[in-house]
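K.L.:
Give me coordinates for this.
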Amino acid sequence: MVHNAAWRRSFLCVLTLYLGFASPPCKARIYTNHWAVRIAGGPGVADRIAEKYGYRNMGQIGDLKDHYHFFHSRTIKRSTLSSRGHHSFISMEPKVEWIEQQVVKRRIKRDYKPVPPLSQTSPAHSNVAQNNIFYNDAKWSSMWYIHCNDDVHNCQSDMNIMGAWKRGYTGKDVVVTILDDGIERNHPDLFQNYDPQASYDVNSNDLDPMPRYDATNENK
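P.N.:
Residues are numbered from 1 along each chain as shown. Predicted structure coming up:
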């Protein structure tokens, strides 16, 4: 019975891989046709061993000395079983110190944990209302993205900006670089804290990130 259940899960994994998508029931490790190999002796030795067993040496893995990325075109691209065959004898080579077939890493969405809405009459809600008085910005009511941890704006934020402010963090001596189409460095809200040494215009290749106001507004 257990054997049949395992066989069904394996079959389902193979089917979903064939169709090209992941499936919640597919919990098995998914092996690829890529390997990480540690070979002593330099790139020349790695190339020779790769060619001998039908691999293609894709080059060194980052800054890891003697570690290479091998690819085998005649191996199944996605499989629930690790690869077997003539090419697997590569581990018997004296210069091969370690080899590992690479597996698919599943991506897991990270998100905030929903918080139950606060009651209008609860002490917590009263504290939020009182704490809001501290922030005397005329536009405070429009800054929903900062104080939306309540049932009024129907949203949740995991940035905890108010919590940081309450602890005394102001952002002093912190430099933030924003990658965008352009930034109005002379804007009243920005110019006092604008840092030209942390700014660059990658569109025009100069040091002035001011937007271009033209007919298309492509850089606005």
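
K.L.:
What are the phi and psi values at residue 35?
P.N.:
Dihedral angles of residue 35 (phi, psi; degrees, to the nearest 10) stand at phi -130, psi 150.

K.L.:
Surely it and residue 72 touch.
P.N.:
Yes - counting by Cβ atoms under 8 Å, residue 72 is a contact partner of residue 35 at 7.2 Å. Quick note: C-beta positions are derived from backbone N, CA and C, even for glycine.

K.L.:
Could you tell me which residues touch both of those two?
P.N.:
In terms of Cβ atoms under 8 Å, 6 or more residues apart in numbering, residue 35 and residue 72 are both contacted by the residues residue 55.

K.L.:
Count the residues that sit near residue 30.
P.N.:
For residue 30, the neighbour count with other Cβ atoms under 10 Å is 20.

K.L.:
Next one: the closest residue to it other than its chain neighbours from residue 76, what distance?
P.N.:
Leaving aside its sequence neighbours, residue 30 sits nearest to residue 104 (Cβ to Cβ, 6 or more residues apart in numbering; 4.0 Å). The gap separating residue 104 from residue 76 is 12 Å, by Cβ to Cβ, to the nearest Å.

K.L.:
any common contacting residues for these two?
P.N.:
Going by Cβ under 8 Å, 6+ apart, residues that sit against residue 104 and also against residue 76 are residue 31.

K.L.:
how about residue 67, phi and psi?
P.N.:
Residue torsions, per degrees, to the nearest 10, at residue 67 are phi -110, psi 130.

K.L.:
now swap in residue 52 and tell me
P.N.:
Taking degrees, to the nearest 10 as the convention, residue 52 sits at phi -60, psi -40.

K.L.:
For the residue nearest to residue 30, give me phi and psi.
P.N.:
Dihedral angles phi and psi of residue 104 (degrees, to the nearest 10) take the values phi -70, psi 130.

K.L.:
Same check on residue 97?
P.N.:
Dihedral angles (degrees, to the nearest 10) for residue 97: phi -90, psi -20.

K.L.:
per-residue confidence at residue 125?
P.N.:
Note for residue 125: predicted pLDDT of 45.

K.L.:
nope, residue 136 is what I was after
P.N.:
74.
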